[in-house]
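J.: structure of the sequence below:
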Amino acid sequence: MENETLAIQYRNAPLKVRVGRVMMIIGCVVMFLAAVANLVNFIVGLIDPSLLGAQAWNIGDPSASFAFWVSPFLVIFFVVSGIGGISFVTDKGPFKRYASLAAVVFLVVILIDTFIAIRHLGHGIGDPDVSKASAWINFALGMLDVQLSGGIYFIGWFLAKDYVGD
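T.: As a prediction, the model looks like this:
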């Protein structure tokens with residue numbers, strides 16, 4: 001009975017809430033895809049660091065090394081946030097309260113990752129051994145990873161937060 005009432009409430013929700021719920025689901029799906037891609041990138045980088053240009057043991061560029069070694073934690077964060085977002089939208093599940101925390105943390109992670117990505121772009125453009133196109137492609141892919149999924153998730157949560165979940 002409660003689920004029927006909840007479904008009717010969501011159906012009659014304001015447009016911004018419905019858009020926010022859809023955006024959160026899209027953000028969660030993109031997050032799951034990014035988690036898989038980051039996990040594959042990390043594993044391949046461990047197996048053969050030269051294959052993907054992974055800088056895991058490069059002491060000359062500590063931010064590249066940091067970005068490589070933090071990626072397993074990012075994968076865990078993506079998965080838990082995705083589950084939390086879906087729980088938040090459906091208003092059931094163990095991680096629904098985590099969605100609000102994850103959305104705020106995403107805002108901080110987006111800012112830090114953007115700073116690191118811009119720094120990598122500057123180093124890539126200035127490095128004579130790296131092509132300019134490669135530097136820009138890596139920058140664009142980095143923006144699609146955290147900024148796109150986290151941005152959609154955060155905006156969706158912001159639109160739906162007063163009506164759904166917590």
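
J.: can you list the weak-confidence ranges in the protein?
T.: 1-10, 49-61, 63-64, 130, 163-166 (pLDDT under 70).

J.: quick one, longest helix in this protein?
T.: When the chain is scanned for its longest helix (criterion: DSSP state H), the result is helix 15-47.

J.: got a list of contacts for stretch 133-141?
T.: Contact with stretch 133-141 is made by Ala117, Ile118, His120, Leu121, Gly124, Ile125, Asp127, as judged by CB atoms under 8 Å, 6 or more residues apart in numbering. Every residue, glycine included, has its C-beta placed from N, CA and C.

J.: the third one is in contact with Asp127, isn't it?
T.: Read that as His120. No. Counting by CB atoms under 8 Å, His120 stays clear of Asp127, with 10.2 Å between them.

J.: would JSON lines of the contacts of stretch 133-141 with secondary structure be doable?
T.: Below are the contacts of stretch 133-141 laid out as JSON lines (DSSP: H, G, I helix; E, B strand; the rest coil):
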{"residue": "Ala117", "secondary structure": "helix"}
{"residue": "Ile118", "secondary structure": "helix"}
{"residue": "His120", "secondary structure": "helix"}
{"residue": "Leu121", "secondary structure": "helix"}
{"residue": "Gly124", "secondary structure": "helix"}
{"residue": "Ile125", "secondary structure": "helix"}
{"residue": "Asp127", "secondary structure": "coil"}
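
J.: report the buried members of those.
T.: Buried members of these, scored by 16 or more other CB atoms under 10 Å, are Ala117, His120, Leu121, Gly124.
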